[in-house]
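Colleague: sequence first, then the predicted structure, then my questions.
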Amino acid sequence: MQNVFAFRDKIIDEYSVFSRSFSKISAHDITEEVEKQYNAGRYWPEPLIQINPSYLQKGSLHSLCCERKHHSRP
């Protein structure tokens, strides 16, 4: 899978083309405003990244890194 943020951008680009394909706005001032709103990202906010406290905790970051080093040795 590609970078998750690049994937998000691709989905938004495709959805933008799709959502704009339903109608043709004849009024120039309304078209400008709609394009302004699309370009400002009104219809797709920035991604939300959160920490989920429900995940099982397996130790500190330090201990997990040490464990990884131990398992990656030949």
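Modeller: Received the coordinates, thanks. Numbering: from 1, shown residues only.
Colleague: what about residue 33, distance to residue 13?
Modeller: Here the criterion is C-beta to C-beta, to the nearest Å. By it, residue 33 lies 21 Å from residue 13. Just so you know, the C-beta spots here come from the backbone N, C-alpha and C atoms, and that holds for glycine as well.
Colleague: next: residue 30.
Modeller: Using C-beta to C-beta, we find residue 30 at a distance of 23 Å from residue 13.
Colleague: for the chain, longest helix please?
Modeller: In the chain, assigned by DSSP state H, the helix with the most residues is helix 4-20.
Colleague: what about residue 47, which SS state?
Modeller: Classification of residue 47 into helix, strand or coil gives coil, according to DSSP: H, G, I helix; E, B strand; the rest coil.
Colleague: so what pLDDT did the closest residue to it other than its chain neighbours get?
Modeller: The spatial neighbour of residue 47 that comes closest, neighbours along the chain excluded (C-beta to C-beta, 6 or more residues apart in numbering), is residue 8 at 5.9 Å. Per-residue confidence at residue 8 stands at 84 (pLDDT).
Colleague: correct me, but residue 8 touches residue 45?
Modeller: No. No contact is recorded between residue 8 and residue 45 when judged using C-beta atoms under 8 Å, the distance being 11.0 Å.
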